[in-house]
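# Here you go, sequence then predicted model.
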Amino acid sequence: MSDRKDIGVDPYGGPAGGWGSLKSVAEIVGREKLSPGNTALLHKQNKPGGFMCVSCAWGKPAHPHIEEFCENGAKATAWELTSLRVTPDFFREHSVTELRGWKDYDLEQAGRLTHPMKYDAETDKYVAVSWAEAFADIGAHLKRYDPKKVIAYASGRASLETSYMYALFARMYGTQNLPDSSNMCHETTSVALKKAIGSPVATIQLQDYDACDAIFYFGQNPGSNSPRFLHPLRACAKRGVEIIVFNPLKERGLERFTDPQNPVEMTTGKSTPIATQYHQVKAGGDIAAIMGICKWVIEADLRARAAGEQPILDHDFIEQHTTRFEDFAAKARDTSWGEIERESGLTRAALTEAAKVYARSKAMIAVYGMGLTQHRHGMDNLFMVMNLLLLRGNIGRPGAGPGPVRGHSNVQGQRTVGISEKPELVPLDRFAELFEFEPPREKGWDTVEACEAVLSGEAQAFIGLGGNFVRAVPETSLVEEAWPRLDLTVHIATKLNRSHLLPGRTCYLLPCLGRIERDDQASGPQAVSMEDSFSTIYGSRGRAEPASPHLLSEPAIVAAMAMATLEPNPKVPWAEWVGDYGKVRDAIENTYPELFGNYNQRLWDRGGFWKGNAAAHREWKTESGKAEFNVPSVMNAAGFDDDGDRFRLMTLRSNDQFNTTIYGYYDRFRSIRGTRDIVMMCRADQERMGVKEGDKVALVGDAGDDVVRRVEGLTVIDYDIPPGCIGMYYPESNVLIALSHYALDSMVPAAKSVPVRVEVMR
Ligand SMILES: Nc1nc2c(c(=O)[nH]1)N[C@H]1C(S)=C(S)[C@@H](COP(=O)(O)OP(=O)(O)OC[C@H]3O[C@@H](n4cnc5c(=O)[nH]c(N)nc54)[C@H](O)[C@@H]3O)O[C@H]1N2
Ligand SMILES: Nc1nc2c(c(=O)[nH]1)N[C@H]1C(S)=C(S)[C@@H](COP(=O)(O)OP(=O)(O)OC[C@H]3O[C@@H](n4cnc5c(=O)[nH]c(N)nc54)[C@H](O)[C@@H]3O)O[C@H]1N2
Ligand SMILES: [Mo]
């Protein structure tokens with residue numbers, strides 16, 4: 001191996017968690033210059049009566065650990081509570097063109113936005129405006145447009161209260177163009193699980209991890225992206241649960257974990273091994289891998305029954321609760337081991353070992369994340385996960401079921417309360433009846449369609465409730481080029497990011513309170529709520545001093561835009577709602593009485609309250625009224641073949657980022673330091689391409705159209721990754737992804753198998 005110091009890579013031998021994570025937290029607390037009071041606030045995170053972490057959507061236990069936060073939750077908190085500020089002076093010093101040359105890290109590191117700002121094209125600078133002026137002008141613009149050509153995007157952080165108001169505003173205005181970050185994320189789950197079992201989300205709850213005896217774990221990286229999951233995973237490992245991992249990369253958090261809250265592990269340096277089997281499946285190889293397991297299980301069941309032994313499949317369940325088992329079983333029998341091995345990159349022997357664990361387990365949870373949803377055939381990936389579960393009745397009983405790990409802290413909740421472009425998912429009649437208006441009924445734009453509309457010039461305006469849309473979507477160069485042709489762009493945000501630096505003809509930057517900050521309104525201090533990956537809903541109360549006295553809360557901003565745009569409607573008392581968010585919760589309860597009964601009272605229940613899930617009770621809200629086996633259409637989820645020098649590019653998160661927010665340049669668990677401009681490549685592929693670690697390469701998109709998609713100057717990193725697959729960080733990679741390269745049916749950009757070619761730079 002070459003000298004890794006030259007290229008900013010040094011080996012990290014430690015487990016996930018442990019001292020490394022404490023050190024990393026101390027570093028960011030120092031860098032963000034947190035006040036002692038705000039540092040103390042870290043202890044309120046994810047505690048009853050405290051605030052809910054702004055990072056991931058992992059569940060919050062009723063009886064939290066002393067420090068129920070993790071390295072990355074602490075980083076997210078410090079990022080929001082920073083004492084650094086982006087004031088009008090900052091914008092006087094830096095033109096927008098200059099700022100476009102800054103890195104994502106430097107933009108956000110500049111600090112919290114303090115004043116509402118408007119872009120001034122003449123000076124190419126943002127200048128301070130009053131809130132009143134901003135809202136009046138935004139309203140005047142919106143009134144001029146065709147609502148069907150306005151995009152109202154939401155990133156999954158805003159609370160249930162804000163999200164409900166935002167979606168209502170969009171519909172009263174006349175549009176269903178309500179894409180959200182879910183369209184780039186777990187929309188594949190929403191569509192595939194709805195079709196297979198009638199419930200579009202996880203059926204398990206947090207306590208099911210106490211009852212399972214096997215976990216099949218696909219394409220999710222808990223060490224970086226949901227570190228609090230490491231606690232239940234460790235507890236499972238300790239009590240002998242078999243944890244079978246499928247991931248092209250050896251992710252540290254799935255290999256071993258030191259609990260930073262466990263004094264024995266911390267002082268002795270001991271760690272708990274997590275995975276009992278680790279299968280480095282090819283990117284896009286999971287359909288085949290799961291088919292192999294199903295094939296073995298189905299055939300072993302036939303053999304067992306022929307020999308008069310206990311069956312392996314749950315035939316009663318299959319009979320009573322499912323359809324199309326025979327079609328699927330025939331497909332599994334007909335698929336050859338040759339094809340399974342070729343497409344998965346795993347051996348028959350390895351898959352048989354996994355299948356044996358499944359066959360003997362009594363209750364299995366299937367966990368997955370972006371490694372399954374973000375593929376051309378992501379739907380088939382998830383259908384295979386469901387097929388696997390259904391074979392042994394692993395749903396609707398303790399310790400069993402699908403456990404998709406959601407992304408943003410309230411992304412699932414936003415869908416629950418109406419942020420959706422899909423009319424069938426929203427109780428439009430109920431809205432019409434409660435608020436006496438006629439909501440739009442046609443399908444709105446999802447994220448990919450919104451980008452198409454920007455590229456074609458059809459879209460007139462974009463409103464962003466959080467997020468960094470232009471940076472998170474695929475096809476970065478074309479979208480960036482087209483973006484300034486929008487007539488109006490409005491960003492509700494806490495920190496400066498690249499999307500803000502591509503102003504439409506009129507452009508506002510509206511700074512809001514973060515969730516951790518005190519939110520005082522007419523009736524006193526307010527709380528908000530969110531829904532986690534387990535459909536549990538919690539209250540959250542901010543306590544920190546706001547970053548600036550000029551900030552407004554998200555509900556206040558949404559309400560003010562609505563009042564400036566819409567004719568008054570006595571049924572929707574925007575100002576009263578802002579004065580008391582409890583009244584927004586009443587409206588939510590009236591709209592969804594079956595999910596949110598006694599909302600205001602239950603908000604502070606210990607451990608939150610569960611909104612319920614039909615499939616968890618074996619009630620199937622599918623077309624057939626049963627849980628459905630689905631026969632996959634293909635064996636390769638990537639949707640393209642590797643040939644000689646075409647690779648499957650996986651675009652990944654480092655341990656030092658939250659989506660497009662870059663906290664730093666140290667991907668500790670993968671031992672990559674100092675730069676994000678890298679390509680992970682295995683030794684065999686390096687030899688084939690005539691490169692070695694430290695060499696520079698360019699990646700070129702290979703979508704088969706005329707668009708040039710290219711990233712240069714990437715350093716090759718010698719990495720344990722299956723041949724034909726390479727890895728790079730998101731969002732730097734997004735310029736390589738064609739807008740047309742999305743998951744069929746769910747329209748989620750297929751960011752985990754992007755066709756690219758490698759060019760050696762000499
Ligand atoms: N600190 C931090 N926390 C986060 C985020 C963050 O950026 N930083 N983002 C949040 C959001 S919005 C989301 S959606 C989640 C994302 O969390 P994850 O779902 O973990 O997403 P990724 O990091 O993109 O990577 C997914 C994993 O899939 C693996 N993988 C890639 N391709 C395949 C494949 O074909 N098959 C299999 N089996 N595995 C594959 C990768 O090696 C990687 O380990 O995390 C949330 N939490
Ligand atoms: N290639 C590739 N592309 C991907 C992915 C991938 O794995 N690979 N993952 C996709 C996924 S899963 C997702 S979810 C999307 C994420 O896409 P987005 O959700 O659009 O992006 P984020 O980076 O989470 O947004 C960060 C910005 O949110 C703002 N913000 C932070 N906190 C708050 C707040 O409290 N209120 C408001 N109003 N604003 C706030 C800040 O200004 C910050 O700059 O990216 C997707 N894109
Ligand atoms: Mo996400």
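That came through fine. Ligands and ions are numbered 1, 2, ... in the order given.
# can we go C-alpha only for contacts and neighbour counts from here?
Will do.
# isn't residue 422 right up against residue 443?
Yes - in this structure, residue 422 is within contact of residue 443 by CA atoms under 8 Å, at 5.3 Å.
# Neighbours of residue 396, how many?
Burial of residue 396 is recorded as 18 neighbouring residues (other CA atoms under 10 Å).
# That one against residue 616, yeah?
Yes - judged on CA under 8 Å, residue 396 makes contact with residue 616 at a distance of 4.2 Å.
# where do the contact lists of these two overlap?
Shared contacts of residue 396 and residue 616, defined by CA atoms under 8 Å, 6 or more residues apart in numbering, are found at residue 203.
# who's in contact with the residue lying closest to residue 762 once chain neighbours are set aside?
The spatial neighbour of residue 762 that comes closest, neighbours along the chain excluded (CA to CA, 6 or more residues apart in numbering), is residue 696 at 7.5 Å. Under the criterion of CA under 8 Å, 6+ apart, the contact partners of residue 696 comprise 713, 714, 715, 716, 760, 761, 762.
# Please give me every residue in contact with residue 208.
By CA under 8 Å, 6+ apart, the contact list for residue 208 reads 398, 399, 400.
# Closest residue of the stretch 551-700 of the chain to ligand 3?
Relative to ligand 3, the nearest point of the stretch 551-700 of the chain is residue 659 (7.7 Å; CA to the ion).
# how about that residue, what does it touch?
Shown in contact with residue 659 (CA under 8 Å, 6+ apart): 472, 653, 730, 731.
# Does residue 463 fall in a helix, a strand, or a coil region?
Classification of residue 463 using DSSP: H, G, I helix; E, B strand; the rest coil returns strand.
# Give me the neighbour count for it.
Neighbour count of residue 463, defined by other CA under 10 Å: 19.
# how close does it get to ligand 1?
Here the criterion is CA to the nearest ligand atom, to the nearest Å. By it, residue 463 lies 19 Å from ligand 1.
# Residue 747 against residue 450, yeah?
No - in this structure, residue 747 is not within contact of residue 450 by CA under 8 Å, at 11.5 Å.
# which residues of the stretch 151-300 of the chain fall in strands?
Taking DSSP state E, counting those that start in this stretch, the strands of the stretch 151-300 of the chain run over residues 214-218, 242-246, 256-258, 272-273, 277-279.
# Near ligand 2, which residues of the protein are found?
Contact residues, the chain versus ligand 2 (CA under 6 Å from any ligand atom): 155-158, 181-182, 184-185, 407, 465-469, 472-473, 492-497, 514-515, 651-652, 659-661, 730-731, 733-734, 751.
# Now list the buried members of those residues.
Neighbour counting by 16 or more other CA atoms under 10 Å classes 155-158, 181-182, 184-185, 407, 465-469, 472-473, 492-497, 514-515, 651-652, 659-661, 730-731, 733-734, 751 among the residues of the chain next to ligand 2 as buried.
# Could you tell me which of those are located in helices?
Secondary structure defined by DSSP state H assigns 469, 472 of those to helices.
# What about ligand 1: which of the buried ones among the residues of the chain next to ligand 2 touch it?
Near ligand 1, judged by CA under 6 Å from any ligand atom, the entries from these are 185, 407, 652, 659.
# Find the residue closest to the one residue in the stretch 551-700 of the chain that gets nearest to ligand 2 in space, skipping its chain neighbours.
Nearest residue of the stretch 551-700 of the chain to ligand 2, counting by CA to the nearest ligand atom: residue 660, 3.6 Å away. Spatial nearest neighbour of residue 660, excluding adjacent residues (CA to CA, 6+ apart): residue 731 at 6.1 Å.
# Pretty sure the one you found sits against residue 471.
Yes - using CA under 8 Å, residue 731 is in contact with residue 471, at 6.4 Å.
# Pull up the overlap in contacts between those two.
What both residue 731 and residue 471 touch, as defined by CA under 8 Å, 6+ apart, is the set residue 660.
# which residue is nearest the middle of the chain?
Nearest to the mean C-alpha position of the chain, counting by CA atoms, centre = their mean, stands residue 407 at 2.9 Å.
# Can you give me the distance of that one to residue 157?
9 Å (CA to CA, to the nearest Å).
# One more: residue 480?
Applying CA to CA, the value for residue 480 to residue 157 is 24 Å.
# now do residue 419
12 Å.
# for residue 738, same thing?
27 Å.
# Could you do residue 222 as well?
Per CA to CA, residue 222 is found 19 Å from residue 157.
# near ligand 1 at all, stretch 668-688?
No - judged by CA under 6 Å from any ligand atom, stretch 668-688 makes no contact with ligand 1; its nearest approach is 10.7 Å.
# Can you give the contact residues for that stretch?
Around stretch 668-688, the neighbours that count as contacts under CA under 8 Å, 6+ apart are 7-12, 14-16, 251-252, 655-656, 665-667, 692, 713-729, 732.
# residues of that stretch that come out buried?
The neighbour-count check on stretch 668-688 (16+ other CA under 10 Å) flags 668-670, 672-673, 676-683, 685-686 as buried.
# and the helix-or-strand element of the chain with minimal mean pLDDT, which residues are buried?
Ranked by mean pLDDT, DSSP states H and E, the weakest helix or strand in the chain is helix 263-268, scoring a mean of 70. Neighbour counts using 16+ other CA under 10 Å place 265, 266 of helix 263-268 among the buried residues.
# how about low-confidence regions in the stretch 501-650 of the chain?
By pLDDT under 70, the stretch 501-650 of the chain has no low-scoring segment.
# do that again at 90, thanks
Residue ranges of the stretch 501-650 of the chain with pLDDT under 90: 606-607, 641-645.
# how about the strands of it, start to end?
Under the criterion DSSP E, counting those that start in this stretch, the stretch 501-650 of the chain contains strands at 506-511, 520-521, 524-525, 527-531, 536-541, 609-610, 627-628, 646-652.
# One more: the stretch 301-450 of the chain?
322-323, 364-368, 401-404.
# I'd like to know which of these is closest to residue 638.
Distance to residue 638, taken as CA to CA, is lowest for strand 364-368 among those, at 16.8 Å.
# could you say what helices and strands that closest one packs with?
strand 214-218, helix 378-391, strand 401-404 (3 or more CA pairs under 8 Å, 6 or more residues apart in numbering; DSSP states H and E).
# Residue 157 contacts residue 466, doesn't it?
Yes - using CA under 8 Å, residue 157 is in contact with residue 466, at 7.4 Å.
# Just among the contacts of residue 208, which is most surrounded?
With neighbours taken as other CA under 10 Å, the top of the contacts of residue 208 is residue 400, carrying 28 neighbours.
# Report the contact partners of it.
204, 208, 212, 363, 364, 365, 366, 394.
# Let's see if you can find the most crowded of those.
When neighbours are counted by other CA under 10 Å, residue 364 leads the contacts of residue 400 with 31 neighbours.
# ok, it to ligand 1 distance?
Shown here: residue 364 relative to ligand 1, a distance of 17 Å by CA to the nearest ligand atom.
# Let's see the pLDDT reported for residue 8.
pLDDT recorded at residue 8 is 48.
# follow-up on the earlier one: okay if I get the strands of the stretch 151-300 of the chain as JSON lines plus mean neighbour count?
Below are the strands of the stretch 151-300 of the chain laid out as JSON lines (neighbours: other CA atoms under 10 Å):
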{"stretch": "strand 214-218", "mean neighbour count": "25"}
{"stretch": "strand 242-246", "mean neighbour count": "25"}
{"stretch": "strand 256-258", "mean neighbour count": "25"}
{"stretch": "strand 272-273", "mean neighbour count": "18"}
{"stretch": "strand 277-279", "mean neighbour count": "20"}
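# where among those strands is the average confidence lowest?
Per-segment mean pLDDT for the strands of the stretch 151-300 of the chain reaches its minimum on strand 256-258, at a mean of 82.
# so how far is ligand 1 from residue 335?
20 Å.
# Measure how buried that residue is and give me the count.
By other CA under 10 Å, 16 other residues sit near residue 335.
# Name the single longest helix found in this protein.
Counting residues, the longest helix in the chain under DSSP H turns out to be helix 286-306.
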